[in-house]
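Visitor: could you look at this predicted model? Sequence included:
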Protein chains: 2
Amino acid sequence: MARTKEFDEKAVLNKAVDLFWTKGYHATSARDLVEGLGISRSSLYDTYGDKHSLFVQALKKYREEKIDEVIEMLHKTDDAEEYIKYLFNAIKSQAVQDTCAKGCFMVNSTVELAPVDKEISGIVNSILQDFEDALCKAVKKGQDAGVFTSRYAARSLARFLSNSINGLRVTVKSNAGKKVFDDIVTISLSVLKQ
Amino acid sequence: MARTKEFDEKAVLNKAVDLFWTKGYHATSARDLVEGLGISRSSLYDTYGDKHSLFVQALKKYREEKIDEVIEMLHKTDDAEEYIKYLFNAIKSQAVQDTCAKGCFMVNSTVELAPVDKEISGIVNSILQDFEDALCKAVKKGQDAGVFTSRYAARSLARFLSNSINGLRVTVKSNAGKKVFDDIVTISLSVLKQ
DNA sequence: GCAGATATGGAACGAATGTTCCGTTTTCGT
DNA sequence: ACGAAAACGGAACATTCGTTCCATATCTGC
């Protein structure tokens, strides 16, 4: 039998998520990875394959760590209004606190890579679609409970909310102040009450 | 005196805008530029300096060609509602038609480069800010004319609209269908009528 | 038409990229 | 304790990156 790995494969993958999330795919070099992950070149390539493959694994890890939980909560919650508000406020406070303005790994990846990497854009699209679907179910729940407007179809509102979130993930990169995010979130959510 | 330039400096710069706009900064190599612009390496470097400098010039050219006109119209128009509707519909049809999903050069550049290039992020931020300012003035005009809601400050609504547009520029990368954009634009604009 | 200036094309540059290979070290099962 | 298997560190790889240089071709003003 063989020697045991000296590093936690999943912990290192989380570091990779952070690196790619912060700097993007192209701006993160192989050296950045070696230094940032704290493992050797060979361990990197033996464990995760090449850079592109590592990036794909990072995308999937991000989904598991950051998105799945939210999707599940959107499905489970009884108080859709409460949870959607919580979601937007979480994005807001993240936007204000985050000094390095990482935004959203999914949004960053689509914008940087959609035109040049169909595999990655496919993965990202399906994740964003799943998120929108969950949002749609929550909106439907709120409509059924009578707390959200039924002027628009649940799907339409979900698309709108999803788009607002995409926007927030861009706006955060401009180092806008707290009030900017307050305005955007307040007005975006007001639509549900029309 | 010297030989005259064989190419139109501004026309070539427009081609550079298109290249960077489509593929982003990192994914556009020096070779891509030489081939795409149709001029030789030396002409490229003699005329525009290095890649980074060319990118900055492309950003400014984009502003002159695509943004300034819109900003001016937002300032001049008497019918703010009409023009804002027109603006969103233009973005929509662009989103639907554009098969290569270029999005917005400003948004693309912020997302790709904000964390790693402060000079570029500064330029882009100021352009986006000017755009928001123009949007704000138009909203104010609509409010004064009584066709827009005064429930929110003009600045707040401008921030919201600006964020929606940012979102659209991301959503377009996912190759979403026409109905998706219809929903987003309809609901975003409905806020002005609350 | 000549001299000076400038655009052009192609070769060539060093540096950085992503990746692989190999010798060594370490650990596990027997 | 021993051998197989795996992780490790570092050297080395070919390729591509952005960039510069130089010889040539071409144009302008006098």
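Guide: Done, it's in. No experiment lies behind these values; they were computed from the predicted model shown.

Visitor: I'd say residue A:189 and residue A:88 touch.
Guide: Yes: contact status for residue A:189 versus residue A:88: in contact at 6.1 Å, counting by CB atoms under 8 Å. In short, each C-beta sits where N, CA and C put it, glycine included.

Visitor: tell me which of those two has more neighbours.
Guide: Using other CB atoms under 10 Å in any protein chain shown as the criterion, residue A:189 and residue A:88 rank with residue A:88 on top: 20 against 17.

Visitor: residue contacts, residue A:33?
Guide: A:16, A:19, A:44, A:51, A:54 (CB atoms under 8 Å, 6 or more residues apart in numbering or on different chains).

Visitor: among the residues you listed, which one has the most neighbours?
Guide: Neighbour counts for the contacts of residue A:33 peak at residue A:54, which has 24 neighbours (criterion: other CB under 10 Å).

Visitor: phi first, then psi, for the residue nearest to that one when sequence neighbours are not counted.
Guide: Counting by CB to CB, 6 or more residues apart in numbering or on different chains, residue A:48 is the residue found nearest to residue A:54 once chain neighbours are left out, at 4.3 Å. Residue A:48 has phi and psi values of phi -120, psi 0 when expressed as degrees, to the nearest 10.

Visitor: and residue A:48, how many neighbours?
Guide: 21.

Visitor: what's the closest non-adjacent residue to residue A:59?
Guide: Closest to residue A:59 by CB to CB, 6+ apart is residue A:123, at 5.5 Å.

Visitor: now swap in residue A:135 and tell me
Guide: residue A:158 (4.3 Å).

Visitor: need phi/psi at the one you found.
Guide: phi -60, psi -40.

Visitor: surely it and residue A:143 touch.
Guide: No: counting by CB under 8 Å, residue A:158 stays clear of residue A:143, with 10.9 Å between them.

Visitor: looking at these two, which has the bigger crowd around it?
Guide: More crowded of residue A:158 and residue A:143, by other CB under 10 Å: residue A:158, with 23 against 19.

Visitor: where's that one relative to residue B:36, distance?
Guide: 39 Å (CB to CB, to the nearest Å).

Visitor: what's the answer for residue A:167, then?
Guide: Where residue B:36 is concerned, residue A:167 sits at a distance of 30 Å (CB to CB).

Visitor: state the next helix or strand along the chain beyond the helix or strand containing residue A:85.
Guide: Assessed by DSSP states H and E, residue A:85 sits inside helix A:80-97. Using DSSP H and E, the helix or strand that follows helix A:80-97 towards the C-terminus is helix A:105-113.

Visitor: got the angle for the host helix or strand of residue A:126 vs helix A:105-113?
Guide: Using DSSP H and E, residue A:126 sits in helix A:118-144. Inter-element angle recorded for helix A:118-144 and helix A:105-113: 140 degrees (by axes from the mean of the first three to the mean of the last three CA atoms, to 10 degrees).

Visitor: perfect, that will be all.
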